[in-house]
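Undergrad: fold the stuff below for me.
(2 chains)
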Protein chains: 2
Amino acid sequence: MTEPFAFELHATDGAARTGVIRAPRGEIHTPAFMPVGTAATVKAMLPESVRATGAEIILGNTYHLMLRPGAERIARLGGLHKFMAWDGPILTDSGGFQAMSLAKLRKITEDGVAFQSHIDGSNEFLSPERAMEIQRLLGSDIQMVLDECAPFPSTEAQIEASLALSMRWAKRSKAAFGEQPGRACFGIVQGGVFLQLRKRSAEALIEIGFDGYAVGGLAVGEGQSAMFEVLDAAMPLLPRDRPRYLMGVGKPDDIVGAVLRGIDMFDCVLPTRSGRNGQAFTRAGTLNLRNARHAEDFAPLDAECGCPACRKFSRAYMHHVVRANEIIASMLLTWHNLAYYQDLMTGLRSAIAAGSACDFAQACARNWGTETETRAD
Amino acid sequence: MTEPFAFELHATDGAARTGVIRAPRGEIHTPAFMPVGTAATVKAMLPESVRATGAEIILGNTYHLMLRPGAERIARLGGLHKFMAWDGPILTDSGGFQAMSLAKLRKITEDGVAFQSHIDGSNEFLSPERAMEIQRLLGSDIQMVLDECAPFPSTEAQIEASLALSMRWAKRSKAAFGEQPGRACFGIVQGGVFLQLRKRSAEALIEIGFDGYAVGGLAVGEGQSAMFEVLDAAMPLLPRDRPRYLMGVGKPDDIVGAVLRGIDMFDCVLPTRSGRNGQAFTRAGTLNLRNARHAEDFAPLDAECGCPACRKFSRAYMHHVVRANEIIASMLLTWHNLAYYQDLMTGLRSAIAAGSACDFAQACARNWGTETETRAD
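TA: So this is what the prediction gives:
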C-alpha cells in the first residue's frame, strides 16, 4: 500500500512554521525551496548536484513539458522522475501561468485556455481536466490546479471575474485529480492585492478541500510590501495543518519575509537564472561577477558556503569565466545560488525551531547590506 | 628537490608503445588523451569531472589565456593550476597555431607573430621568447616551442621556408625555456606531407634536444592516409625514450591508427566540441542525438560506459535536452565523450601491454561500423 501524502508541523515561531511533508518519494523539510526544473532539467545542473545542494523537491513546468517532449511521451518513457533521473518528489504547476505569459495568441474561455506553442506555433489547449491529466502522466507528486493569474495591475472587477473563473476551474481540477494515493493536489488562492477577494478565494478552496494551499498572483509587480500585506491577511485563513506554498517567489528577503508570515514552500527561477547571468547570492548580498573589481580577488564567492564554486574557485576565476561566457560559469554560479538558497532555508528551519526566527531574519538583512552590488560597473 | 620530468616505456607492440610520464604533479599513462581546457576550463565540465573520466593531464591554450585573463594576471593569482582548480599536469601550446588561425591581421616576421586579438582587437605579439615566458607564468608542466604551422596545401618550397623558420624558433624557444626542474619543453616536427622535410625537422630538433617531440601540421586537411604516411616515416626518426605527441588529433580511428604507429600523446577539441553539438562517440560509432530516431529510445548512449550520461539517462532524454538546447546536454555529452576517449586510451594501453594492439584496433573499427550516424535526419 502506498504511504499517504502527509504534513506534520514541528514548531512555530510567531506565524512562522517548520515541519515536514512526507511523500512516498521522500521527505520535504519545510520551509522548503524548490529549484525550478523547467524542461526536465534544473538548468546547468546534474540531478545529483541539485540533491547535493540540499534540495528535497524540484518543480517541473507542465507548459514546457507538454510542448516538448510531450506528456504522453514522458509517460511512455516511464514518467518524469525516471526520464530526468530525479528520484525525489516533484511538484508540477498547471501550465496556465506560462500559457498566458509565454505562448502566442492565447484565448481564455470557460472551458480553458487555447494558445499557440512558443516553440513551433502549434495549436494547444489546456483545460483544468487536461492540465491534471498531463500532471498525472508526468507522475507528479504534487499537482497544481489550473487557474488564471490576472495581470498586475488589474481592477478589482477584473480580479473578481478572474477569481470566479479560477474557483470554477479549481473545482474541476480537483475532480479531475480524483484519487491518486501518495500524491497531492494543491489549490491556489487568487485575488490580487484585494484582501476581500483573497478571503473569498481561500474560503472557496477550503470548501473544495485540498492537500495544500498555494498563494498565486503575487510577485507580478505589486511590490514586496503589498505582497506581505496579502500574506498577512491570507495566512490566517488557511488550514494550519496543510502546507502553504508561495508560487514564484523570490529574492532571499522575499522568502525570509514570507516564512515569517507562515509560508512553507517556495519556487523561483531567480537562483538558477541569475546564476546564468553572472550573479551570485551570498550571505553578504548579491555579487555581479562581471564587475572588474573581482578580476584579481582571491576570495571565494561566500566563505561560509560549501559548494564547489566556493571550495575550489576564487571570485577572480568566476569573473574570468563569466566574462568569457564559459558554460562552467553557469554551472558553478547556479550550484552556488541553489546551495545558498538551501542554506537559507536550513537556517530558517533551525531558527524557527529555536524560536529565533526574527533574529535570524534581522541578521540576514544586516549581512546582505554589506556587499550588495546593484549593477554591473 | 623537485622530481625530474621522466618517461618510462613499459611495453611495445609493433610500433605501438605504452608507458608512463612522471611529472611532479602526477603520472600520465601513455598513450594518453589530453582534454582541451582552452580558456582555463574544459568546456561544460568541472575539473573533478574531467578527472573522473580518467584524464591525467589537460591542455591549456596560450593564445586564449594570454588574451583573457592574461598570463601575468594568472601568475599573480597563483598560476593556472590553482586558478582553474586542476592539480594534475597541464600541457600548454605555444599560442602560434591560434594566433595564425583565429586572430586578425596576423603578420609573421623572423622575430615572431604580430596579430590582433579576436576578442577586442588589441595588438599582440608572440615571439618564441614571449611564448615561453607566458607558459612559464602559467606554470605549465609541458611547454611547447613556438612554431609556424603552414597551411594545407602548401608547396614544398613554402613548407621548406616555414620549417626553417620554425627550427630557428625552436632553438630560441628552448633557450628561453632554460632550466625549469620538473617541467618539460617539447619540440615540434614540421614539414607538411613532405617526408624529407619531416626528416630534416626531426634531425634539427634532436640536435637541439627536447624532453619530448610533437608532430605538428597534421590534421589540417591532408587526410588520414597522408597523415599516417607521415607518421610511418617520422616515428622511427624520433628518440625511443622520449614521449611523442600528435597535436590536435583526432577522431577515435585517427588516434588508434596513430597509436599503432608509435604516438604517445594526443589532444583534440572533438570530444568536447562534438558534445556541445549533440554528438556522442560510442563503441558502436558516432550518434547524432538530434535525430528523431532517438526520441523514445530507452537505451543509454553506450551500454558499456560508466559515465553519468550512460548510467542515469536514456537516449530519449539526451535527444530531448539536445533539441531543447539545455546546458545539461553539453554537460552530459561532453562528459560521455571524454569518458569514451579515456576508455579508448585505457583499452589501447592494455592491448599494447598484452601484445594485441592490432586485434584491438580491428575490433574497434568493426564496432564503430554498427551504428554510426553520419548526419542529422
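Undergrad: and chain A, which residues reach chain B?
TA: Within chain A, the residues that sit near chain B (Cβ under 8 Å from any Cβ of the partner chain) are A:39-41, A:43-48, A:68-69, A:73, A:76-78, A:83-85, A:276, A:295-296, A:298, A:308, A:312-314, A:316-317, A:319-321, A:323-324, A:326-328, A:330-332. For every residue, glycine as well, the C-beta is placed using N, CA and C.
Undergrad: in contact with the residue nearest the centre of chain A, which residues?
TA: Against the mean C-alpha coordinate of chain A, by Cα atoms, centre = their mean, the closest residue is residue A:267 at 1.2 Å. Contact analysis of residue A:267 by Cβ atoms under 8 Å, 6 or more residues apart in numbering or on different chains lists A:33-36, A:59, A:91, A:245, A:247-249.
Undergrad: and the gap between it and chain B?
TA: 18 Å (Cβ to the nearest Cβ, to the nearest Å).
Undergrad: re earlier: buried subset of the residues of chain A next to chain B as a ChimeraX selection?
TA: Buried subset of the residues of chain A next to chain B, written as a ChimeraX selection, criterion 16 or more other Cβ atoms under 10 Å in any protein chain shown:
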select /A:39,40,41,43,44,45,46,47,69,73,77,83,84,85,276,295,308,312,313,314,316,317,319,320,321,323,324,326,327,328,330,331,332
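Undergrad: pLDDT averaged over the helix or strand containing residue A:186 - what is it?
TA: Using DSSP states H and E, residue A:186 maps to strand A:184-189. Across strand A:184-189, pLDDT averages out at 98.
Undergrad: could you tell me which helix of chain A is the longest one?
TA: The single longest helix within chain A, with elements called by DSSP state H, is helix A:327-354.
Undergrad: pull out the buried residues from whichever helix or strand comes after it.
TA: For helix A:327-354, the succeeding helix or strand toward the C-terminus, using DSSP H and E, is helix A:357-368. By neighbour count with 16+ other Cβ under 10 Å, helix A:357-368 contains the buried residues A:357, A:360-361, A:364, A:368.
Undergrad: who's residue A:288 bridged to?
TA: residue A:279 (DSSP bridges).
Undergrad: quick revisit: nearest to chain B, of the buried residues of helix A:357-368?
TA: Proximity of the buried residues of helix A:357-368 to chain B (Cβ to the nearest Cβ) peaks at residue A:368, which lies at 27.6 Å.
Undergrad: list the contacts of the closest one.
TA: A:252-253, A:283-286.
Undergrad: swap in residue A:304?
TA: residue A:283.
Undergrad: and it, which of the three is it?
TA: Under DSSP: H, G, I helix; E, B strand; the rest coil, the three-state class of residue A:304 is coil.
Undergrad: mind checking how far it is from chain B?
TA: 19 Å.
Undergrad: now do residue A:100, the pLDDT please.
TA: 88.
Undergrad: what about it, helix or strand, and which?
TA: Counting by DSSP H and E, residue A:100 is found in helix A:96-101.
Undergrad: and residue A:17, by the same measure?
TA: strand A:16-23.
Undergrad: residues in contact with the following helix or strand past that strand?
TA: Once the chain leaves strand A:16-23, the next helix or strand it forms, by DSSP H and E, is strand A:26-30. With Cβ under 8 Å, 6+ apart as the test, strand A:26-30 has contacts from A:7, A:17-21, A:56-57, A:87-89, A:243, A:264-265, A:345, A:349.
Undergrad: just the helices in the stretch 1-150 of chain A please.
TA: A:47-52, A:62-67, A:71-76, A:80-84, A:96-101, A:128-138 (DSSP state H, counting those that start in this stretch).
Undergrad: in a markdown table, list those along with distance to residue A:117.
TA: Listed next are those as a markdown table, based on distance: least, Cβ to Cβ, whole Å:
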| stretch | distance to residue A:117 |
| --- | --- |
| helix A:47-52 | 26 |
| helix A:62-67 | 5 |
| helix A:71-76 | 14 |
| helix A:80-84 | 19 |
| helix A:96-101 | 10 |
| helix A:128-138 | 14 |
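Undergrad: which ones among the contacts of residue A:368 lie within strands?
TA: A:285-286 (DSSP state E).
Undergrad: still on that earlier bit, okay, the contacts of residue A:267 in CSV with pLDDT, distance to residue B:152 and neighbour count next?
TA: Putting the contacts of residue A:267 into CSV (pLDDT from 0 to 100; distance: Cβ to Cβ, whole Å; neighbours: other Cβ atoms under 10 Å in any protein chain shown) gives the following:
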residue, pLDDT, distance to residue B:152, neighbour count
A:33, 99, 55, 27
A:34, 98, 54, 23
A:35, 98, 49, 24
A:36, 98, 49, 19
A:59, 98, 53, 26
A:91, 98, 57, 27
A:245, 98, 62, 26
A:247, 98, 59, 25
A:248, 96, 56, 22
A:249, 97, 59, 22
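Undergrad: burial check on residue A:86, number of neighbours?
TA: Other residues near residue A:86 come to 25 when the count uses other Cβ atoms under 10 Å in any protein chain shown.
Undergrad: go ahead and confirm residue A:276 touches residue A:332.
TA: No: with contact defined as Cβ atoms under 8 Å, residue A:276 and residue A:332 do not form a contacting pair (10.9 Å).
Undergrad: go through the helix holding residue A:100 and flag the buried ones.
TA: Buried-residue list, helix A:96-101, by 16+ other Cβ under 10 Å: A:96-100.
Undergrad: and of those residues, the nearest to chain B?
TA: residue A:98 (14.5 Å).
Undergrad: tell me the contacts of that closest one?
TA: Listed by Cβ under 8 Å, 6+ apart, the contact set of residue A:98 reads A:61, A:63-64.
Undergrad: can you tell me the element the residue of chain A most remote from its centre falls in?
TA: Going by Cα atoms, centre = their mean, the residue of chain A most distant from its centre is residue A:296, 35.3 Å out. According to DSSP H and E, residue A:296 maps onto no helix or strand at all.
Undergrad: skip the chain neighbours and tell me the closest residue to it.
TA: Leaving aside its sequence neighbours, residue A:296 sits nearest to residue A:316 (Cβ to Cβ, 6 or more residues apart in numbering or on different chains; 5.4 Å).
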